[in-house]
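Fold the following for me, if possible:
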Amino acid sequence: MQGRIRVVVAKPGLDGHDRGAKVVARALRDAGMEVVYTGLHQTPEQIVETALQEDADAIGLSVLSGAHMTLFRRLLELLAERDAADIVVFGGGIIPAADIAELEKLGVARIFTPGATTASIIDWVRANVATPVA
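Prediction:
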């Protein structure tokens with residue numbers, strides 16, 4: 001029997017705009033996934049700790065502050081340090097195309113830009129995040 005995909009949705013840094021993160025979190029939940037939304041102003045350390053405590057399969061970051069390179073890099077470093085690099089990291093926000101390519105080189109699995117539909121995000125998560133065995 002297969003379990004449900006567990007996703008931590010987080011708003012790192014000082015950005016206070018969380019409507020998009022909440023929309024994505026609700027869409028993933030409504031699609032049958034278990035979702036933990038961490039709330040605003042989370043540090044990469046807090047996000048990784050939550051993901052480990054919740055046995056997450058994926059972490060989705062919403063970054064609109066311009067600090068995406070620093071925040072994603074630190075999150076990936078922490079996951080590697082905690083032997084949790086198997087947690088799929090994806091995100092969204094206002095991120096320049098050149099930075100998206102760099103984030104992918106760092107290990108971010110996918111960046112969704114403004115205009116991405118919740119259906120496309122759900123489909124991508126289902127296709128790219130392993131469903132745990134219950």
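
What segments of the protein are strands?
Counting by DSSP state E, the chain has these strands, from start to end: 6-10, 34-37, 58-63, 88-93, 110-112.

The ones you listed into CSV, with extra columns for mean neighbour count and mean pLDDT?
(Each C-beta comes from the backbone N, C-alpha and C, glycine too.) Output for the strands of the chain, formatted as CSV (neighbours: other CB atoms under 10 Å; pLDDT from 0 to 100):
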stretch, mean neighbour count, mean pLDDT
strand 6-10, 26, 98
strand 34-37, 20, 98
strand 58-63, 26, 96
strand 88-93, 22, 96
strand 110-112, 20, 98
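
Can I get those strands in JSON lines including distance to Ala127?
Shown next, in JSON lines, are the strands of the chain (distance: least, CB to CB, whole Å):
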{"stretch": "strand 6-10", "distance to Ala127": "14"}
{"stretch": "strand 34-37", "distance to Ala127": "17"}
{"stretch": "strand 58-63", "distance to Ala127": "12"}
{"stretch": "strand 88-93", "distance to Ala127": "11"}
{"stretch": "strand 110-112", "distance to Ala127": "10"}
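
any low-confidence regions in this structure?
By pLDDT under 70, the weakly predicted segments of the chain are 1-2, 134.

if you set the cut-off to 90 instead, what comes out?
For the chain, the stretches with pLDDT under 90 are 1-3, 13-18, 64-66, 130-134.
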